[in-house]
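> need a 3D model of the sequence below.
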Amino acid sequence: MQRPSLFPLASVLLATGLALSACGSGSNTSSDSAPADEPAFSTAQDNNSAADEAEKKTSAKKKKEKTESRRTETVTEVAEPEQPAPPAGGNHNIHVGQIGGYCGTSSSGDSIDAGDATSCEFAAAVFDAAMQASYTRRSKSPTVTATYHADVTASSPVTKQSYNLDCHMGSDQRNLTCEKPGDNTVRASFETADRNVWTKRVATTN
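Now for the predicted structure:
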């Protein structure tokens, strides 16, 4: 009687052992791979936190710079004091605010008188215009002696309006009167300081 062979049984046992060993090896590989992933996830979180912190610092810095820029650009406007208005009619010595009557004297000492509805400021302005005009001899009618006349325009510092005036000398040429045609209340008259004739002070043509 032959003894049964042990070779097939040994082969089965060997194969079973190898299979178990392979399973154990695979289980270890899976468990070992998990910790390897954990450092990578942790590093990503750290990077995000650092980025957020840097963004907060940058935002705070920009806000501070913007605030400082606004402070720098703020300019306080200081109102300049109002300058007094220059004397009406140059440097004439007149009664400012007066209407009609004797107003005072020109810068040369000539007397200035105003009509009933004429301010002294306007009378002084008329004087300046009359001194710049050129006078010619003319007469309103053949029966009236010709005298020196000039057409002038003067602006009133009070009404801010301009007026066309007829300026004419008296027959003795010592008195000069400028008035609005048809309204003698708008009038100014002048006499020289030395009672001399106006033809020596203004331009004339015959």
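
> excluding sequence neighbours, find me the nearest residue to residue 178.
In space, residue 178 comes closest to residue 167 once its chain neighbours are excluded; the distance is 4.0 Å by CB to CB, 6 or more residues apart in numbering. Placement of C-beta: from N, CA and C, glycine included.

> secondary structure element for that neighbour?
strand 162-169 (DSSP states H and E).

> buried residues in the helix or strand following that strand?
Note on strand 162-169: by DSSP H and E, the next helix or strand toward the C-terminus is strand 175-180. By 16 or more other CB atoms under 10 Å, the buried positions in strand 175-180 come out as 175, 176, 177, 178, 179, 180.

> correct me, but residue 129 touches residue 152?
Yes: counting by CB atoms under 8 Å, residue 129 does reach residue 152; the two are 4.3 Å apart.

> hey, what's in contact with both of those two?
Taking CB atoms under 8 Å, 6 or more residues apart in numbering as the criterion, residue 129 and residue 152 both touch 165, 167, 178.

> distance of the last one relative to residue 162?
Residue 178 is 13 Å from residue 162, where distance means CB to CB, to the nearest Å.

> overlap in contacts of those two?
The contact lists of residue 178 and residue 162 share residue 154, where a contact means CB under 8 Å, 6+ apart.

> what lies in contact with stretch 110-119?
With CB under 8 Å, 6+ apart, stretch 110-119 has contacts from 92, 94, 97-106, 120, 122-124, 127, 156-158, 179, 183-193.
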